[in-house]
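J.: how would this look folded up:
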Amino acid sequence: MSHFHRTAAFHTLGCKLNFAETSTIARQLTDAGYDKVGFDDRADIYVINTCSVTENADRECKLHVKRAMKANPEGLVVIVGCYAQLKPEEISQITGVDLVLGAKEKFNILSYLDDLEKSESEGVVHSCEIEETDFFIGSYSIGDRTRAFLKVQDGCDYKCTYCTIPLARGISRSDTIENVLKNAKEIAERDIKEIVLTGVNIGDYGKGEFGNKRHEHTFLDLISELNQVEGIERIRISSIEPNLLKDESIELVSKSKSFVPHFHIPLQSGSDELLKKMKRRYLTKLYNDRVNKIREVMPDAAIGVDVIVGFPGETEELFMETYNFLNNLPISYLHVFTYSERENTEAVGMQGVVPIPERKKRNKMLRILSEKKKMAFYQTQLGKTLPVLWEHENKDGKMYGFTENYVRVQKDFDQALVNQIEFLNLEKILSDGTVSVQSCYESFLAKA
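T.: Here you go, the predicted model:
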């Protein structure tokens, strides 16, 4: 190819892990001499990193291909990511798609671009059998200049019956501790205040660290080492399986000056019968114990929960088990997912399909419960003085930030405070669900 493609644009769908990986791919291209431009700008290459978990993966993919074609009809469109691993043939038939790269090939994008021409016919597919995906690419992405997502693990060995991730991402494998620490130090040097640790099954860290099946290190080793890194104000653990969140890790977070008191722990169902059908690796008793252990050592911790509604066999009665279980748990918020059928998963053939309108109704009930839980949690934090990390966005003259325990606060925008941590008094819950704050000095005067 004689003429060199000079600009590249990127769009990411899905999880924090995908954002970290898009950043790695983007860095490879910029290192090779490409300039990065916005996705609606005219670019020579458009890279779309897809997700297989979200609803309408297919529609979303088509939508962004159209966007790219509108910005530059001559541009090359490359689709990577989980959806690309699961459905490469389907994607290649979308008008405008030139190249589809699977889980292994996406980090080798440069070698495929050299001989790629804009195709009139369908796109070229390079995707390995997922069994071959046994290597690990460490990556981090700078989310919004205030925080960075650091990928430490990929893939999953669990066989949850609703999930396509093992099909899309392969076996559990990890970055080496040396490499994670190197990346963490690089992030710290860029004056980024918060690192979010991400992975597909992060608690399984250490497995496949050197391509082997056993654990070279553990999640506890990882966080103990990261706890020693200088220059990082906050480290947040993105999401961890309840059976892999051990007392020692909870204790370490409770004593750490950099790990923040915020846990996100997937539950998926509050019914033991459904947990078994889902092939989850714990029952409600263990989950309950984890939440209570966190509360015991960190009374003010934020605890988030993932839950799925409408799984096959979820009767009204079993759904109410989940509802009541969550209602009685001292948690802070929920992420609610509506079950949707995925090809090649065990759950697809199960009896007891829940009608879609019923799934939506249950989703809504839990979303309302989540709002109540969040407000009740925020209520317990009013009057406390907490460190807030301010973000750079100016929304109608307001700036927003999170306390270390994940309370969202706002005040009038002040450029000097962007990416700074400020100790503030939490005042009251506002109509938009955020909390207003006062400087400690102001609240001292008010009391005086």
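J.: what's across from Trp390 in the sheet?
T.: Gly401 (DSSP bridges).
J.: quick one: Lys66 and Gly96 touch, right?
T.: Yes: assessed by CB atoms under 8 Å, Lys66 is found in contact with Gly96 at 7.2 Å. To be clear about C-beta, it is placed using only N, CA and C from the backbone, and glycine gets the same treatment.
J.: more crowded one of the two?
T.: For Lys66 and Gly96, the more surrounded residue by other CB atoms under 10 Å is Gly96, and the numbers stand at 20 against 14.
J.: what residues are up against the more buried one?
T.: Val65, Lys66, Ala68, Met69, Val77 (CB atoms under 8 Å, 6 or more residues apart in numbering).
J.: Show me just the buried residues among those residues.
T.: Buried members of these, scored by 16 or more other CB atoms under 10 Å, are Val65, Ala68, Met69, Val77.
J.: Just give me the closest of those to Ala347.
T.: Ala347 has its nearest neighbour among the buried ones among the contacts of Gly96 in Val65, at 29.5 Å by CB to CB.
J.: tell me the SS of the closest one?
T.: Three-state call for Val65 (DSSP: H, G, I helix; E, B strand; the rest coil): helix.
J.: and it, what pLDDT?
T.: pLDDT for Val65: 96.
J.: Give me the spatial nearest neighbour of it, chain neighbours excluded.
T.: Gly96 (4.7 Å; CB to CB, 6 or more residues apart in numbering).
J.: pLDDT wise, what is the one you found at?
T.: Per-residue confidence (pLDDT) for Gly96: 92.
J.: Same question for Glu209.
T.: So Glu209 comes in at 64 (pLDDT).
J.: Can you tell me the element the residue nearest to Val65 falls in?
T.: For Gly96, there is no enclosing helix or strand under DSSP states H and E.
J.: Repeat that for Met365.
T.: Going by DSSP H and E, Met365 is part of helix 356-381.
J.: again, but for Glu317
T.: Glu317 belongs to helix 316-328 when assigned by DSSP H and E.
J.: which other residues reach that helix?
T.: 267, 269-271, 273-274, 284, 288, 305, 307, 309, 314, 334, 362, 365-366, 369, 373.
J.: Of these, just the buried ones, ChimeraX syntax please.
T.: A single ChimeraX command is used to select the members of the contacts of helix 316-328 judged buried by 16+ other CB under 10 Å:
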select :267,269,270,271,274,284,288,305,307,309,314,334,362,365,366,369,373
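J.: Please narrow the contacts of helix 316-328 to those residing in helices.
T.: Mapping the contacts of helix 316-328 onto helices (DSSP state H) picks out Glu273, Leu274, Thr284, Asn288, Arg362, Met365, Leu366, Leu369, Lys373.
J.: shouldn't Arg42 be in contact with Pro73?
T.: No: contact criterion CB under 8 Å: Arg42 and Pro73 do not qualify, at 9.7 Å.
J.: Looking at these two, which one has more neighbours?
T.: Arg42 (13 against 10).
J.: pretty sure the more buried one is in a strand, no?
T.: No: Arg42 sits outside any strand when classified using three-state DSSP, being coil.
J.: so who does it touch?
T.: Listed by CB under 8 Å, 6+ apart, the contact set of Arg42 reads Thr7, Ala71, Asn72, Gly75.
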